[in-house]
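K.L.:
coordinates only, no sequence provided:
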């Protein structure tokens, strides 16, 4: 059993060593907001925050984040970035969107007013096949509006 | 009064005859221009659910007692299974059932492409299912695969007879030409790579099945599953509330649905079968590679006299031979055109429709060669397109239902005129240039499609459909149409979709057909509801009372409106048009190509939601940049086995690859098309971008790129060749 | 059953060390790495970042964001991988990462997997090596390794000090390994001599989040210029004899042209 703190709640989770954080969140804790699109760390859909740092939950072993604070999209529902994404139409099929928002939250927490270059650099690890990128950038630039 | 008529329906360039129900009192189109709600930007009404992760995709769905599946797929492009023992798999913990060749048609022992399904196991967990598949004792006799498209053509190893389309006399046309250009173009295999992989959950319920599936075509899945399982269609319920991308690849049930259905039947449990990302690269379809050998002739004034092309679609083991010749046949006025298209049957995974199949590839070759012609004739490329504008469709001699391509060219001028300034910003090492390309594609949709509108005493309306929203924002567009027609606020309208048991037939979300197919049905249903409300108001003696006042009288009674998509205009070509102007910067020492700006002008009839429309344009352009510059599915030339099976080796654009995109829609309702005059926008934006980039590269550097993707290798090759040509030209002795 | 142990001292014992896990976890799950025990070394590997000494446990993001390290190292980190991978991945792990060669990654029985053929040579080698490629054509994918080789870094492990370039080797018939780390050996930090100027230039397939087609690191140390390349050989390639000694394969000669352009630019930047 491993102790996990997710979105301010404590859980005791049961996966064997080798279980990823993404599998634990989605399968054991039914927190399916975090998506898995590649399961190899290539696309960023599974991005969550571990102690505020954006990481790929699909290649993070759940046993290595005991004692850390995990934040998923479920814990960010009231963040102004969510409204910014919806307002600017920064999503299409929506499958990559939770991961995009988590990465964006990490960016604006450090840099509240990022430039276009800073946005492109910080968000390059979140693939969007629908190509919502221009509006994702707009959402991040205008998140405080 | 309704009647049944026979009419023509088109999806992605393929025509078929269908029966449809037509309502007699047709609605007049709205006058052109943005209205109270239609034509105004609207945020997605399900945006918050998607953004917060609350939306449940098939990938997120876990039904009670659900089992997980792993599939043994052929690792070889061509092989025979000589030995298959499922017993070791069945002996492992958590395993409930295993099936193999012969149990269902989708499991085979004659393997003709890598990724074809051979066996499948379901277990309590995915890990257990995978361990079980690894335990299967399977032996393959590896055979020599056929991989080369030209060899397949030479051998007659084709999907069907070659498609020959000719008009006029091309021999004569080329003889009449003052200048003839010809070249060979090659495009690569491109993968859809939707972020939600292909997957389905099947459960037998009573004497029918429930199918939860990530799909673009709920009703097609229903029919396909019914046929495959030998059930009456209404015994098959198909559910898809949210799906994570399709781009054409999710139009049919495919092997995973039938695998899940059979395992569900045997275990009497719900069974999920989901493709892994590597399987998605292998067994989920693709835009096939093409070889195009093109020839264009023109008079010195720029009039096209002849065009001919040999097109080889490297289709793979199945699918169909898409219309790569379409742009050459349809885009311009030219009396003499002859094309031959082969569908090469190869030991490679079958193609599937991918956002304007054939036309993306064909527009690249055609528009790039046209620019070479323009250079030889010393005529401005945009002017060359105008000169050869087709006022009516020359393939079948029909009038267009609506065509504003000249208006698109006119609006593109402002962007085209930037080219002098753009070029002037070139340095020794970074050359800048501007290129353009025209777009033609389908997008008229067609019958049948139906909707119901329910209005209650609270003055709110529910649009009841069984359509799907694949991420293009069609749900929001339907709400806008209903709100506009009923005269109520947008937030008083809900749209239900996604369940074949809870609504009437809806068209496929492919071929840019959702808005032009479902939209008119929704408007008709809302108008029917409106009419009934107006009749009540009339009876009451208050014909001008607001809707809210009339429906407040209803108590538990409801107004139920129904609407159907009427026929397309007979004898007319319903098409979409556009033009894109691209600015690029090319580092001539490293071959790096940067797309700096794209201006897109598209003509798709009336625009319902300009916000959603601009997203479709941006998305299509960005997907197009991917296939132009960095995406390629590679296979090993010796064995035919696939090499790029991860999202790291198959490189799609990131946010850092995005140029400035300026988009404009002509927004002129097609006067002959339905009660809306709207066409689809899902595909048009991806069609011309590759050609426009190639043409911008030529403008910047003089280099002719002839293949996609325009990798460093291809760019450096083209630059070297251009430099050699320049040296020859400069070094050639002066003519006396 | 996989076991996870937390190392408490430098004596690792048996097992596979894991730090950020960005190579170990995917390789474990795809069957490229087989092990019974993972040893979490995060608490024992130094992770400080200074201009002349960087802990093997420092993440690429920490190095990228440090104002102190030489430009070549900072840019190599900045242009490597994705933001999430930079936040997770350690310097040490980055140096030890395996090739991206698709034949190797897809577990074909190639020489690095103990077999007797290099499938890239007759197959698809457009992304592969142009130097030292006669036995194995794999390319070393680490931007950071090339930068550190150009910066003439020294690697300190728990048992010895060595020139960083000696951490790497070209696989041979007798020894198929790409690194020289011994059993149970743990990297601790890298130290750098005073550097006058340095630069890292990278050619990749998209603007971000791609491995180097060719990466060129250059450094001027005591008036001498050192150039090292990523993506061109089975190990980070110190360019001592120039690009004329390249031995491209039939379909990757374009890498020589590309490398030449970037080397010329790097030298100009260091002049």
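P.N.:
Nice, thanks for sending it over. These numbers come from a predicted model, not from an experiment. Residues are numbered from 1 along each chain as shown, chains lettered A, B, ... in the order given.
K.L.:
tell me the pLDDT at the residue nearest the centre of chain B?
P.N.:
The residue lying closest to the centre of chain B (Cα atoms, centre = their mean) is residue B:355, at 2.2 Å. We have a pLDDT of 97 for residue B:355.
K.L.:
which residues touch it?
P.N.:
Contacts for residue B:355 (Cβ atoms under 8 Å, 6 or more residues apart in numbering or on different chains) come out as B:247, B:248, B:287, B:620, B:623, B:682, B:683, B:686. Any C-beta I mention is one placed from the backbone N, CA and C, and that applies to glycine too.
K.L.:
skip the chain neighbours and tell me the closest residue to the residue in the stretch 1-150 of chain C that chain B sits nearest to.
P.N.:
Proximity of the stretch 1-150 of chain C to chain B (Cβ to the nearest Cβ) peaks at residue C:102, 4.1 Å away. Nearest non-adjacent residue to residue C:102, counting by Cβ to Cβ, 6 or more residues apart in numbering or on different chains: residue B:643, 4.1 Å away.
K.L.:
what does the stretch 151-271 of chain C have sitting close to chain A?
P.N.:
Neighbours of chain A within the stretch 151-271 of chain C, by Cβ under 8 Å from any Cβ of the partner chain: C:207, C:208, C:209.
K.L.:
please see if the lengthiest helix in chain A touches chain B.
P.N.:
Longest helix in chain A, counting residues (DSSP state H): helix A:97-110. Yes. Counting by Cβ under 8 Å from any Cβ, chain B has neighbours in helix A:97-110: A:97, A:98, A:101.
K.L.:
residues in contact with the helix or strand that that helix is followed by?
P.N.:
Past helix A:97-110, further along toward the C-terminus, the next helix or strand under DSSP states H and E is helix A:116-123. If you take Cβ under 8 Å, 6+ apart as the criterion, helix A:116-123 is touched by A:100, A:103-104, A:106-107, A:111, A:114, A:136-137, A:140-141, B:654-656, B:658, C:78, C:83, C:207-208.
K.L.:
how about a cut-off of 7 Å?
P.N.:
With contact meaning Cβ atoms under 7 Å, 6 or more residues apart in numbering or on different chains, helix A:116-123 is reached by A:103-104, A:107, A:111, A:114, A:136-137, A:140-141, B:655-656, C:83, C:208.
K.L.:
what do you get for stretch A:128-141?
P.N.:
A:81, A:84-85, A:88-93, A:96, A:100, A:104, A:107-108, A:114, A:116, A:119, A:123, B:193-195, B:245, B:471, B:615, B:618-619, B:622-623, B:652, B:655, B:658, B:661.
K.L.:
count the neighbours of residue B:458 for me.
P.N.:
Neighbour count for residue B:458, taken as other Cβ atoms under 10 Å in any protein chain shown: 11.
K.L.:
so which helix or strand takes in it?
P.N.:
Taking DSSP H and E as the definition, one finds residue B:458 inside no helix or strand.
K.L.:
tell me the pLDDT of it.
P.N.:
pLDDT at residue B:458 comes out at 96.
K.L.:
tell me the secondary structure at residue B:241.
P.N.:
The local conformation at residue B:241, judged by DSSP: H, G, I helix; E, B strand; the rest coil, is coil.
K.L.:
now do the contacts for it.
P.N.:
Counting by Cβ under 7 Å, 6+ apart, residue B:241 touches B:56, B:498.
K.L.:
repeat the analysis, applying 8 Å as the threshold.
P.N.:
The contact partners of residue B:241, taken as Cβ under 8 Å, 6+ apart, are B:55, B:56, B:497, B:498, B:499.
K.L.:
list only buried entries from these.
P.N.:
For the contacts of residue B:241, a burial check counting by 16 or more other Cβ atoms under 10 Å in any protein chain shown picks out B:55, B:497, B:498, B:499.
K.L.:
in CSV, list those residues along with pLDDT.
P.N.:
CSV is the format used below for the buried ones among the contacts of residue B:241 (pLDDT from 0 to 100):
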residue, pLDDT
B:55, 98
B:497, 96
B:498, 97
B:499, 97
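K.L.:
ok, those vs residue A:6, which is closest?
P.N.:
When the buried ones among the contacts of residue B:241 are ranked by distance to residue A:6 (Cβ to Cβ), residue B:55 comes first, at 19.7 Å.
K.L.:
next, the closest one: phi, psi?
P.N.:
Reported as degrees, to the nearest 10, the phi and psi values for residue B:55 are phi -60, psi 130.
K.L.:
next, residue 27: secondary structure please.
P.N.:
If you meant another chain, say so; for now it's chain A. Secondary structure, three-state DSSP: residue A:27 is helix.
K.L.:
my bad, the chain I had in mind was chain C
P.N.:
Following three-state DSSP, residue C:27 is assigned to helix.
K.L.:
up against chain A, what does the stretch 1-150 of chain C have?
P.N.:
Within the stretch 1-150 of chain C, the residues that sit near chain A (Cβ under 8 Å from any Cβ) are C:1-4, C:18, C:21-22, C:25-26, C:28-30, C:38, C:40, C:42, C:78, C:81-85, C:87-88.
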